[in-house]
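K.L.:
below: sequence and its predicted model.
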Amino acid sequence: MPPSPLRRVVIAYEPEAACRARLTAAGFDAGIAAEIACYLAQATDLAAIRPEIAAALGEAGLDAVFVELDGLVDALPDLMARRHDTILWCQTDGIAYYRGSAAPALARLAGIRSYGSPPQAQHLCQDKFKCTALAAAAGLPVPPTALAEGDRVIAGGAVLEGPGPFFVKPNTLGAKIGIFGDSTAADAAGALRLAARLHHRYRDRAVIQPFIPGHDLRVSFMDVGRPLAPSLGIARLLKDPDSETGGAFMTMRDNASLSGSRDTEGAETGFGTGQDRAFVPKLSDLRAEARSNPGAAATVAAIEAMVPRLAALFGLRDYFSVDIRMAEDGALQILEFETCPAVTIYDFQAYLRDAHGLPLGPALARSLTLAHGRPPDV
C-alpha cells in the first residue's frame, strides 16, 4: 500500500539554554558549559527563520510544528496518531554533550518516518576516531589517527612514533570547540599535553593526527531529487591573515558560528567575552573554479568519487556535510562528516543557492517530501 501523502513536518531542536543547564548540573563550569552549548547556535538561529520555513512548507501544503527536544517524549502520542502523514526532523544531533541523535531512534521505535541519516549513522558521526577508522578500513583516505584519554594513548599509538608536528582536537566536540591557536605540537610529548588539557577542560578524549599544511574544504549535500555526486557543493575555505593562526587552520575563535572567543589558549574562563571575532570566513566555490582551473577540476572529480563512497558506507542520506583537508600538493583526506549540518549558516545557505538555485524553505519542502516517500527503515 503506498504511503499517505506528507502533511506535517515536526522539527525538533535542542536549545542552547537547556544544554547549558544540563552540563552545569553535571558539574561543568558555567563558562565551559556555555562554550560547549554554542554548538547548538544552529537551534538558536532557527528562531529567526522559522517564519520563512513555515511559510515555504505551507506553500507546499505542509504544516510545520516546532518542538524543543525535551518536549518530544510528551509529543509522541500525537506523532504516533498521525504517523502516516508525518515526518520528524531533528535539526540537531549528538550522543555526547548533545542529545539530538535520540530523535531518529525514537522515531524508528514509534514507527514515524524521519528526515536525515539513520540512527546508526547519527550515533557514529560525533566520534571522529571511530568514523575515521571505519573509513580507513573501507579504503577511503583519512589521516592516521591516535586516540588519547588525558595523556594516555587508547589506540593508534603508532601515529605518535612518526615525526611531528601533530594536530590535537576533541574527539566528540565539533564547531571547532577545543581548537586553539596552539593546538599543534612539535612532538608526541607535546601532543599528549594538549590531549590532557582537552580532557581536563571538556572531559573528552582527543584525536591526534599529523598536521597537514593546506586548505579546509567543506562538502555539502541536500537531496532535492538529483543524483548525489553532481549535487554536492564543494567549497574551499579561503585563508585569511586576520585569522588566529594566519590561515594555517581554523580555531574556535575563528569560527563565526561560535560568535567568537577571547579564550584562545585553553584557559578556564573568558569564553565569548565581548563576542570578538578574528574574521568572518569566506568560501570559494570549487565548481566555479574548475571551469578554468585544471587543479580545481581534479579536486572536484576526486570528491565526486569519494563522498558517495563515504555516504554508502555510513548510510548518509537526505542532507549531510563532509570536512576534507587538502594538502598543498592537492592530496585529499577526509576529516569528519556531519549528519545534521547547520542549515541556517552561511555555507549551507550558499550551497543551496549555488547548487540548486533554491532558498532554504523550498529546498526543505522538496527534500522532506522525498524522504517521506522512501520505504520505511526496517
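P.N.:
Done, it's in.

K.L.:
contacts for stretch 54-69, please.
P.N.:
6-15, 18, 46, 50, 53, 75, 90, 92, 99-100, 102-103, 359-362, 364-366, 368-369 (Cβ atoms under 8 Å, 6 or more residues apart in numbering). Every residue, glycine included, has its C-beta placed from N, CA and C.

K.L.:
where does pLDDT dip in the chain?
P.N.:
Counting by pLDDT under 70, the chain shows low-confidence ranges at 1-3, 256-280.

K.L.:
quick one: the helices in it, in order.
P.N.:
16-25, 30-37, 41-59, 72-81, 102-110, 119-124, 128-137, 188-202, 228-231, 286-290, 294-314, 346-351, 360-373 (DSSP state H).

K.L.:
can you select the buried ones from the contacts of stretch 54-69 in ChimeraX?
P.N.:
The ChimeraX command for the buried members of these (criterion: 16 or more other Cβ atoms under 10 Å) is given here:
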select :6,8,9,10,11,12,13,14,15,18,46,53,90,92,99,100,102,103,360,361,362,364,365,366,368,369
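
K.L.:
still on that earlier bit, tell me which of the helices of the chain lies nearest to V159.
P.N.:
helix 188-202 (8.7 Å; Cβ to Cβ).

K.L.:
quick one: contacts for A186?
P.N.:
G164, P165.

K.L.:
can you give me the distance of the one residue sitting closest to the centre of the chain to Q42?
P.N.:
Centroid-nearest residue in the chain: E338, 3.5 Å away (criterion: Cα atoms, centre = their mean). As judged by Cβ to Cβ, to the nearest Å, E338 and Q42 stand 10 Å apart.

K.L.:
same check on R8?
P.N.:
For R8, the distance to Q42 (Cβ to Cβ) stands at 22 Å.

K.L.:
does C19 touch Q42 like I think?
P.N.:
No: in this structure C19 lies outside contact range of Q42 using Cβ atoms under 8 Å: 11.9 Å.

K.L.:
now do the shared contacts for those two.
P.N.:
By Cβ under 8 Å, 6+ apart, no residue touches both C19 and Q42.

K.L.:
circling back: hey, what's the residue nearest to the residue nearest to the centre of the chain when sequence neighbours are not counted bridged with?
P.N.:
Nearest residue to E338, sequence neighbours excluded (Cβ to Cβ, 6 or more residues apart in numbering): S321, at 4.7 Å. Bridge pairing for S321 (DSSP bridges) gives the partners S220, E338.

K.L.:
count the neighbours of S321 for me.
P.N.:
24 (other Cβ atoms under 10 Å).

K.L.:
let's have the helices of the chain in CSV, adding distance to E161.
P.N.:
What follows is the helices of the chain, written out as CSV (distance: least, Cβ to Cβ, whole Å):
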stretch, distance to E161
helix 16-25, 36
helix 30-37, 32
helix 41-59, 39
helix 72-81, 47
helix 102-110, 39
helix 119-124, 27
helix 128-137, 17
helix 188-202, 8
helix 228-231, 38
helix 286-290, 35
helix 294-314, 28
helix 346-351, 36
helix 360-373, 46
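
K.L.:
A175: which of the ones you listed is closest?
P.N.:
Ranking the helices of the chain by proximity to A175 (Cβ to Cβ) places helix 41-59 first, at 8.0 Å.

K.L.:
can you list the buried residues in that closest one?
P.N.:
For helix 41-59, by 16+ other Cβ under 10 Å, it's A41, Q42, A43, T44, D45, L46, I49, I53, A54, A56, L57.

K.L.:
what residues are up against the fourth one?
P.N.:
By Cβ under 8 Å, 6+ apart, the residues touching T44 are P15, E16.

K.L.:
any idea which of the buried residues of helix 41-59 is closest to R201?
P.N.:
Once Cβ to Cβ is applied, the member of the buried residues of helix 41-59 that ends up nearest R201 is A41, at 19.5 Å.

K.L.:
how close does the closest one get to T92?
P.N.:
Counting by Cβ to Cβ, the gap between A41 and T92 amounts to 10 Å.

K.L.:
check A365 too.
P.N.:
From A365 across to T92, the span is 20 Å (Cβ to Cβ).

K.L.:
and if you look at S243?
P.N.:
For S243, the distance to T92 - Cβ to Cβ - is 27 Å.

K.L.:
same question, Q209
P.N.:
26 Å.

K.L.:
what's the answer for E289, then?
P.N.:
32 Å.

K.L.:
quick check, F221 in contact with P308.
P.N.:
No: if you go by Cβ under 8 Å, F221 and P308 don't touch, sitting 9.8 Å apart.

K.L.:
mutual contacts of those two, please.
P.N.:
L228.

K.L.:
the more surrounded of those two?
P.N.:
F221 (25 against 16).

K.L.:
so what's the more buried one up against?
P.N.:
By Cβ under 8 Å, 6+ apart, F221 lies in contact with L228, S231, L232, G233, V307, A311, L316, Y319, F320, S321.

K.L.:
can you check R374 too?
P.N.:
Per Cβ under 8 Å, 6+ apart, neighbours of R374: none.

K.L.:
quick check on it: phi, psi?
P.N.:
Dihedral angles of R374 (phi, psi; degrees, to the nearest 10) stand at phi -80, psi 160.

K.L.:
how much space between it and D318?
P.N.:
9 Å.

K.L.:
just A75 next, same as before
P.N.:
21 Å.

K.L.:
from the buried residues of helix 41-59, pick the one nearest G295.
P.N.:
Scanning the buried residues of helix 41-59 for proximity to G295, where the rule is Cβ to Cβ, the winner is Q42, at 32.7 Å.

K.L.:
find me whatever residue is spatially closest to the closest one, sequence neighbours aside.
P.N.:
Q42's closest residue in space is A342 (Cβ to Cβ, 6+ apart), at 3.5 Å.
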